[in-house]
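S.K.: what shape does this take:
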Amino acid sequence: MLGTLMVGIETFKEKEMADIATTDQPPRRSCATMTEHRQLLNDDADYVRARAQIETAARDYADGRLTARPGTTRIPVVVHVVWRQDSENISDEQIRSQIDVLNRDFRATNPDVSQVPSVWQPRVGDMRVEFALATVDPAGNATNGITRTQTTVTSFTQSGNPVKSAATGGADPWPAGRYLNIWVCQLGGGLLGYATFPGAPASLDGVVILHSGFGTTGTAAPPFHLGRTTTHEIGHWLNLFHIWGDDGTGCNGTDEVDDTPNAAGPNFGIPTFPHVTCSNGPDGDMFVNYMDYTDDAGMVMFTAGQVVRGQATLDGPRASIGSEATAAVSPVGSAAADLTGDQSADIVGFGDAGVWVSLNNG
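M.R.: Okay, the predicted model is just below:
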């Protein structure tokens, strides 16, 4: 009896310690986007071709041969919460707090943008992207833009993308051509998150975030408690690279953006300005950029050059996602009509720039 009792106690303790271990917050930022990217380059010839075309178009935008859309793009988001312990089943409030962060960060209205050193203030860019939880699911039904899946998986890995499939304990994506899929779960190996660059297979396309690095409340824990992990990963989803160019510490890499100084490698914590590497003095590394590896409180800006690259993505491989509000059309009159036959009023506007239509999506 005593032996059986002791085995039971040890089993309970092992489970308890495993539960504690899975909620540990990584001490510094880690992102597996480039690992995902390189695996796809090795395994998927279609991805290789798509990436070549996407980079050619991005250079055309950067060189001014193509001009980005003038308005703001609003992207519907579905958040797939995949949980085992109750604490991992994050609240709607925590999810909404992350959407709020994204809408500040991508419009450069985050209050802490004031932290940007004065030499880089003129480079701060408004990505002109806004996010909203989806209101209509793929079948046309009303939704709050959140799915919840209970799993038996203790923690997910990047390799194989198990969180992105119900068959491997995760949740299947919604159509990648219509939604930004974000999976929130327990990740293993000290990983905070990862994303796919545009061009990835639709079944993999999207962003994965550790639940304790998501949003600003609930399980969100310092130093990744301000929602910037998701900002960083959606930057990748919009085709932004890490600012040091992912060449280790060789100073020969590039993020394909002219207004982000070259850097020797990732910056961690919250560095002090200036942090000079790669002969990039006197101003040094742009460690305040969302595409570095600093703590959440240290990353506060995109640059104008990164905006051009993101907009090239929205005009190209992600053109089917979201709706564009173009400032050039200023309606002076409008009328309601049911244009789609769904018994919901749509709006037709008339102005100097022409005719515009806003369809009611529920």
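
S.K.: contacting residues for P111?
M.R.: Shown in contact with P111 (Cβ atoms under 8 Å, 6 or more residues apart in numbering): R104. All C-beta spots, glycine's among them, are computed from the backbone N, C-alpha and C.

S.K.: all strands of the stretch 101-250 of the chain, in order?
M.R.: Secondary structure of the stretch 101-250 of the chain (DSSP state E, counting those that start in this stretch): strands at 129-133, 146-150, 180-185, 193-195, 207-210.

S.K.: kindly present these as CSV, with separate columns for mean pLDDT, distance to Q306 and mean neighbour count.
M.R.: Listed next are the strands of the stretch 101-250 of the chain as CSV, based on pLDDT from 0 to 100; distance: least, Cβ to Cβ, whole Å; neighbours: other Cβ atoms under 10 Å:
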stretch, mean pLDDT, distance to Q306, mean neighbour count
strand 129-133, 98, 11, 19
strand 146-150, 98, 29, 16
strand 180-185, 98, 18, 27
strand 193-195, 98, 15, 25
strand 207-210, 98, 17, 27
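
S.K.: so which of these gets nearest C278?
M.R.: With Cβ to Cβ as the criterion, C278 lies closest to strand 193-195 of those, at 25.4 Å.

S.K.: packing partners for that closest one?
M.R.: Judged by 3 or more Cβ pairs under 8 Å, 6 or more residues apart in numbering; DSSP states H and E, strand 193-195 is in contact with helix 33-43, strand 207-210, helix 228-237.

S.K.: for V81, find the nearest of these.
M.R.: strand 207-210 (10.5 Å).

S.K.: contacts for the closest one, please.
M.R.: Strand 207-210 is touched from outside by 26, 156, 158, 161, 163-164, 180-187, 191-196, 224, 229-230, 233-234, 236-237, with contacts defined as Cβ under 8 Å, 6+ apart.

S.K.: rerun at 6 Å
M.R.: By Cβ atoms under 6 Å, 6 or more residues apart in numbering, the surrounding residues in contact with strand 207-210 are 163, 182-184, 187, 192-195, 229-230, 233-234, 237.

S.K.: cool, and stretch 51-68?
M.R.: For stretch 51-68, contacts defined as Cβ under 6 Å, 6+ apart pick out P198, G199, V308, R309, Q311, A312, D315, G316, P317.

S.K.: tabulate these (JSON lines), appending secondary structure, pLDDT and neighbour count.
M.R.: Formatted as JSON lines, the contacts of stretch 51-68 follow (DSSP: H, G, I helix; E, B strand; the rest coil; pLDDT from 0 to 100; neighbours: other Cβ atoms under 10 Å):
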{"residue": "P198", "secondary structure": "coil", "pLDDT": "98", "neighbour count": "20"}
{"residue": "G199", "secondary structure": "coil", "pLDDT": "98", "neighbour count": "23"}
{"residue": "V308", "secondary structure": "helix", "pLDDT": "97", "neighbour count": "21"}
{"residue": "R309", "secondary structure": "helix", "pLDDT": "97", "neighbour count": "25"}
{"residue": "Q311", "secondary structure": "helix", "pLDDT": "96", "neighbour count": "23"}
{"residue": "A312", "secondary structure": "helix", "pLDDT": "97", "neighbour count": "24"}
{"residue": "D315", "secondary structure": "helix", "pLDDT": "95", "neighbour count": "17"}
{"residue": "G316", "secondary structure": "coil", "pLDDT": "96", "neighbour count": "19"}
{"residue": "P317", "secondary structure": "coil", "pLDDT": "97", "neighbour count": "23"}
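
S.K.: please tell me how far the nearest residue to T157 once chain neighbours are set aside sits from E36.
M.R.: Once flanking residues are discounted, T157 sits nearest to G188: 5.7 Å by Cβ to Cβ, 6 or more residues apart in numbering. According to Cβ to Cβ, to the nearest Å, G188 stands 15 Å off from E36.

S.K.: including distance to G169, could the contacts of strand 207-210 go into CSV?
M.R.: As requested, these are exported to CSV (distance: Cβ to Cβ, whole Å):
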residue, distance to G169
V163, 8
I182, 17
W183, 12
V184, 14
L187, 13
L192, 20
G193, 18
Y194, 17
A195, 20
T229, 22
T230, 22
E233, 21
I234, 24
W237, 23
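
S.K.: follow-up on the earlier one: could the helices and strands packed on strand 193-195 be laid out in TSV, adding distance to N280?
M.R.: Formatted as TSV, the helices and strands packed on strand 193-195 follow (distance: least, Cβ to Cβ, whole Å):
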stretch	distance to N280
helix 33-43	21
strand 207-210	30
helix 228-237	21
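
S.K.: closest to W83 out of the ones you listed?
M.R.: Per Cβ to Cβ, nearest to W83 of the helices and strands packed on strand 193-195: strand 207-210, 12.2 Å.

S.K.: so what's Q150 closest to, chain neighbours aside?
M.R.: W83 (6.1 Å).

S.K.: again with P261
M.R.: Nearest one to P261, counting by Cβ to Cβ, 6+ apart, is N280 at 4.4 Å.

S.K.: name the SS class of the one you found, please.
M.R.: Classification of N280 using DSSP: H, G, I helix; E, B strand; the rest coil returns coil.

S.K.: residues near it, how many?
M.R.: Neighbour count of N280, defined by other Cβ atoms under 10 Å: 17.

S.K.: so who does V129 touch?
M.R.: T73, F106.

S.K.: show me what it is bridged to.
M.R.: Taking DSSP bridges as the rule, V129 bridges to T73.

S.K.: and the gap between it and S159?
M.R.: Distance from V129 to S159, counting by Cβ to Cβ: 29 Å.

S.K.: picking up where we left off before, so which of the helices and strands packed on strand 193-195 comes closest to D105?
M.R.: Using Cβ to Cβ, the helices and strands packed on strand 193-195 put helix 228-237 closest to D105, at 4.5 Å.

S.K.: appreciated, that's everything.
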